[in-house]
Structure formats: structure tokens, C-alpha cells
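In: quick one, fold the following:
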Amino acid sequence: MPRWTVLTIWAGLSLWPAIRAEDVTPLRQRPPAPPGVQRICPLVVSPENVRPHVEYLASEELAGRRGDGGFQAGEYVALKLKEAGAEPLFDGDYFQPIPGAALPNGEIPIIGRNVGAVIRGSDPRLQHEYILIGAHYDHLGRRGGVIHPGADDNASGVAMLLEAGRYFSQRTQRSRRSIALVAFDLEEELLYGSRWYAAHPAVPLSQTRVMIAADMISRSLGNLPLPAVFVLGSEHAPELREHLTHVGVPQGLQVARLGVDFVGTRSDYGPFRDRGVPFLFFSTGEHPDYHTQQDTADRADYEKLARVTSLILRLVERLSNTPHPATWAADSPPDMEEPQVMLRITQLLLQEEAAGRMKLSPTTRFIANQTLAKVGYIVQRGTISRDERAWLRRSAQYLLISAF
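Out: From the prediction side, this is the model:
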């Protein structure tokens, strides 16, 4: 996942009337139910399924998955997809070369490779429609002579993708739609791999009904005790909310839905969103080990990764069989789940600081308290206006760059 970029900054806090923390229902009196759907989704993969992928991709041998290590990582992904029984996606090949800028002698160098496979659908009509699962497999390589392993970013997402290949290839009853699996290269280079694929897709994007992206799905936002996966993008395809609700969540996991404009363009969904392809982005959030040498395989939460993977696979299973997966919507009304999610995050943030497990600046602490008070009022009231949502988005952006 590329380094955080905020296109808008904190503004307008003073425009809101003063709201005191005591005006909000005390935390102990609030119902403990987390945001998101509560229907139980059974696990279809285990921690033992995903762990070997993360351990290998984040190993010293692959040296941060750049250069020779990136080449080896691509070979590993292609091999595992082939072993699972998934067919090559790119005209009989598992690899899509990514060209760079022309050299002075006119030669076009190949600077990366997307890896892709497909599991053909069983329905004669719907097999020409696709659900695309994507996760980038590159990382930072060596920085200052030190390997950056990239276990969470994004060996975790690739582990999900490889388990998707195994799960859907080995099912006795194939999905009606085809399922494309693409491991993007060069995501850390301004999403170059997914931008190249979107401009040169293996199948027309008009036939890609939904794109599912996963990036960093084995940790927790800021190391908060938050057993949640953030799911972004459903504001552009309201049907996806219904599909998520129908699928439910695995025991021990929460789904926290936010609009993608809360974070901007953070991963490989960007080129698909820009072309009006319905999408969902799954991430457990940024943490202190992000883009450091400490993002190692031993710090991944494999039980959580297995839960998130199972959720994604069951959702893809539904999307690949339902008559109406999703329709692109440029805009949708404000969603009350967003303030519920931000209420939970600000609660935990302030609780962790009070317990001495986090350190916030005075400014960040002030804004967190103001956000808690305001968002608590919104949640109690049960409605949110577009202006309030714009304020909430700015608050979230400030807290994400200052606290995490």
C-alpha cells in the first residue's frame, strides 16, 4: 500500500457548536454491539492455510519482493495458481508484462509482471462475466540496506488471493460467473501494475461486474484492540451492502464500512473505481510497522487473516452466482454506519491513551475528544447530513495521519 496521502486537511472544527463530552451517553451505557452485520459466516480457510504463503513471501529469500525477489514472488504466485487448477488469464500465459519508458536506443524494458489466472464459470451465459479478485504482491525491497519484508503489506492479501484460487478451483460445483484472480506488480510505484491492467484488461472491464481488492488484512488499525476489517466502496454500489449483510461475518470479526473518500486512493481499486467498475476494498488498516523492517511474518494475526479471507471468499461466491451483483452509482445518501465506525475508533483511541498504550499530541487528543462528542450525538440522533458527513471525513483523515 502506498504511503498515506491526504488531499484535504482538517478544517471547520470551530464551525460546530460546542459539544461537551458529558452531553454524550457514557461509554458504559452504550450498547456493546459493534458496527457492521452480525450474521455468522462460516470459515472456509484456516490459519494453517494462509500462514505458509505469508511466511514465504515475507522471507529473507525474497528480500522484500523487489528486483529478483519480486520475480521469485511472481513465479510463486503463478505456480500456486497453476497447482490449484486455475487457468492462465493472459492468452494462455499467467504473466502480463508491464513495460517501462522507452530507452534512448528505442528498446522498451519490462519493469514488472502482473500475474493472473481464471476459473471459468459454469453458466453458458454468465461465464462471460467476471468477479475480479486483486492483491498486489510487490513491496519495498531493501531500503538503506535493510529488508522490508511486507508481511501485512501485502503478503496477507496475496495469501487470500491464493486461497481463493484453491477454494474456487477445487469446488465440485463451479460458480456461474467466471472468477479472475490478479496479483498486481508495482503497486508501490503509484499503482502502476493495476493501472496497466485496467488500461489493458484480460477481459473487457464492461464484463467485470465487481472488483474486490485486499491490501493489509492481517493486523489492526494502529494496533488498537479492534477485531475489524474495513470495507470501503459500497457507497458506489449499494447492492454490495446487501450482499455483505447476507453473507455475514465470521465469529470474532467485525465489518466496518466506510466511504472510500475517507482514505482516497490507497490501493489497486483506484484504476477500477476511476472507470466506474463496482468495487470493494478490504483492509484492517495502517499500523506502526507499516513500511518498516518490522512488518514481519511473526507479527501477522493468522486467525484474523483466515477470518477476513473466509469473508471475502464467501462474498465472491455469492457475487459469482447472484443474478444482480452490483451496479455503479456515482453517489449515494450518507450512511449511518460511518459515524458508528468512527465512534468505535475514537472510543478505543482515547481509551488506549488513558491506559498509557498510546501517546497523542494535545491537538490530536482535543480533536479526538471533539470527534467523539459530535459523532456520539449523531449516532444517538440516528441521522447524518451531508455537511456532517463532510466534517466526519475531515476528522477521520486528520486522526488517521496524526494518531496512526
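In: so what's the residue nearest to the spatial centre of the chain up against?
Out: The central residue of the chain, meaning the one whose C-alpha is nearest the mean C-alpha position (Cα atoms, centre = their mean), is residue 282 at 2.7 Å. With contact set as Cβ atoms under 8 Å, 6 or more residues apart in numbering, residue 282 has these partners: 212-215, 217, 229-231, 308, 311-312. Yep, even glycine has a C-beta here, placed from its N, CA and C like the rest.
In: in TSV, list the residues you listed along with neighbour count.
Out: Formatted as TSV, the entries for the contacts of residue 282 read as follows, by neighbours: other Cβ atoms under 10 Å:
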residue	neighbour count
212	29
213	30
214	30
215	25
217	29
229	27
230	23
231	25
308	29
311	25
312	28
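In: pretty sure residue 182 is touching residue 118, no?
Out: No - under the criterion of Cβ atoms under 8 Å, residue 182 is not in contact with residue 118, lying 9.5 Å apart.
In: ok, these two, which is more surrounded?
Out: When residue 182 is set against residue 118 and neighbours are counted by other Cβ atoms under 10 Å, the residue ahead is residue 182, at 29 against 21.
In: re earlier: what do residue 182 and residue 118 both touch?
Out: Counting by Cβ under 8 Å, 6+ apart, the contacts common to residue 182 and residue 118 are 89, 202.
In: how much space between the closest residue to residue 167 other than its chain neighbours and residue 260?
Out: In space, not counting the residues next to it along the chain, residue 167 is nearest to residue 313; the distance is 5.4 Å by Cβ to Cβ, 6 or more residues apart in numbering. Between residue 313 and residue 260 the distance is 22 Å, computed by Cβ to Cβ, to the nearest Å.
In: okay, those two: which has more neighbours?
Out: Shown here are residue 313 and residue 260; by other Cβ under 10 Å, residue 313 has more neighbours (23 against 20).
In: now do the same for that one: its pLDDT.
Out: In the predicted model, residue 313 carries a pLDDT score of 98.
In: correct me if wrong, but residue 257 is in a strand.
Out: Yes - assessed by DSSP: H, G, I helix; E, B strand; the rest coil, residue 257 belongs to a strand.
In: ok, it touching residue 229?
Out: No - at 10.0 Å, residue 257 does not count as touching residue 229 under the criterion of Cβ under 8 Å.
In: secondary structure class of the residue nearest to residue 98 when sequence neighbours are not counted, three-state.
Out: Spatial nearest neighbour of residue 98, chain neighbours left out: residue 112 (4.0 Å); criterion: Cβ to Cβ, 6+ apart. Assigned by three-state DSSP, the conformation of residue 112 is strand.
In: residues contacting residue 112?
Out: If a contact means Cβ under 8 Å, 6+ apart, then residue 112 has 70, 97-98, 138, 185-186, 189, 192-193 as its contacts.
In: and with 6 Å instead?
Out: For residue 112, the contacting residues are 98, 185-186, 193, by Cβ atoms under 6 Å, 6 or more residues apart in numbering.
In: just for the stretch 201-350 of the chain, where's the confidence low?
Out: Along the stretch 201-350 of the chain, no part satisfies pLDDT under 70.
In: repeat that for 90
Out: The stretch 201-350 of the chain contains residues with pLDDT under 90 at 331.
In: what are the ranges of the helices in this structure?
Out: With DSSP state H as the criterion, the chain has helices at 47-57, 68-84, 156-169, 192-199, 239-247, 270-273, 302-319, 337-354, 362-381, 386-403.
In: report how many residues lie close to the closest residue to residue 103 other than its chain neighbours.
Out: On the basis of Cβ to Cβ, 6+ apart, the spatially nearest residue to residue 103 that is not a chain neighbour turns out to be residue 109, at 6.3 Å. For residue 109, the number of neighbouring residues by other Cβ under 10 Å comes to 11.
In: wait, isn't residue 109 in contact with residue 101?
Out: No - taking contact to mean Cβ atoms under 6 Å, the distance of 7.9 Å between residue 109 and residue 101 leaves them out of contact.
In: show me where the stretch 151-300 of the chain has strands.
Out: With strands called from DSSP state E, counting those that start in this stretch, the stretch 151-300 of the chain shows them at 178-184, 208-214, 228-232, 254-258, 279-283.
In: for residue 80, find the nearest of those strands.
Out: Across these, the minimum distance to residue 80, taken as Cβ to Cβ, is reached by strand 178-184, at 9.9 Å.
In: what pairs with that closest one, and is each one parallel or antiparallel?
Out: strand 110-119 (antiparallel), strand 130-136 (parallel) (DSSP bridges).
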